[in-house]
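>>> Got a predicted structure here, sequence first:
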Amino acid sequence: MKFGDANSEIVGIIYSTKEDKEKFFKHFKELNVAVKEISFVSIEVPPLRKDEIVNDIKHFTLSWYWAGRNPLLHLPNFFGIKEMLFKQIEKYGYKQIKFDAESWKPDNRHELLMTRFCPLFYQDNSGLAETTKEKKAFDDLETFKSKGYKEIITGVVNENDMEMVQEP
């Protein structure tokens, strides 16, 4: 069996120095098992640049993979931690981003594609919007809507197995 979704995984946290974290990853590399890191990132989105930034993110975000699969929604609720986490997230004005599998198609060879970036939440600052255009930009973030997005497809996509075949 190869690395992949069929294998079971143990999810834990590391609270350590950078050096100890590197030792941890090296240890499991020597065991020949995959270790993936979960990182939270916050990408600033000025309302008047929303389309530009969301379009850029769509190029490497697998909508068909992440639609309805917000990883945080599937966390076990040990000792009420999940509920506490969501209350804290909502307390600071964050709302879940919701989109369908067919909302957009990512590029097929983007260098960031395998980061498996998943848009989880957006900060709803619509109360600070000064114009209707800014208010609409905040509203559009809930469903990850943007204008002018076009995926970049290179080579030929074989629909049966999604392997890339170079054009002759």
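Ah, there it is.
>>> for stretch 136-153, the distance to its chain's centre please.
15 Å (Cα atoms, centre = their mean, to the nearest Å).
>>> ok, I97 touching D124?
No. Using Cβ atoms under 8 Å, I97 is not in contact with D124, being 10.8 Å away. Where C-beta positions appear, they are placed from N, C-alpha and C, glycine not excepted.
>>> Which neighbours do these two have in common?
Common neighbours of I97 and D124 (criterion: Cβ atoms under 8 Å, 6 or more residues apart in numbering): 141-142.
>>> how about V35, what does it touch?
With Cβ under 8 Å, 6+ apart, V35 has these contacts: 24-25, 28-29.
>>> oh, I was asking about F117
57, 60-61.
>>> quick one: the strands in this structure?
94-96, 121-123, 156-157, 164-165 (DSSP state E).
>>> pull the CA atoms of stretch 26-35 into PDB?
Extracted in PDB, the C-alpha atoms of stretch 26-35 (Å, rounded to 0.1, in the frame of the first residue of the first chain):
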ATOM      1  CA  LYS A  26      13.500  13.300  10.300                       C
ATOM      2  CA  HIS A  27      12.600  10.400  12.600                       C
ATOM      3  CA  PHE A  28       9.400   9.500  10.700                       C
ATOM      4  CA  LYS A  29      11.200  10.000   7.400                       C
ATOM      5  CA  GLU A  30      13.700   7.300   8.500                       C
ATOM      6  CA  LEU A  31      10.700   5.000   9.300                       C
ATOM      7  CA  ASN A  32       9.500   5.600   5.700                       C
ATOM      8  CA  VAL A  33       6.100   6.900   6.700                       C
ATOM      9  CA  ALA A  34       4.500  10.200   5.600                       C
ATOM     10  CA  VAL A  35       4.100  13.000   8.100                       C
END
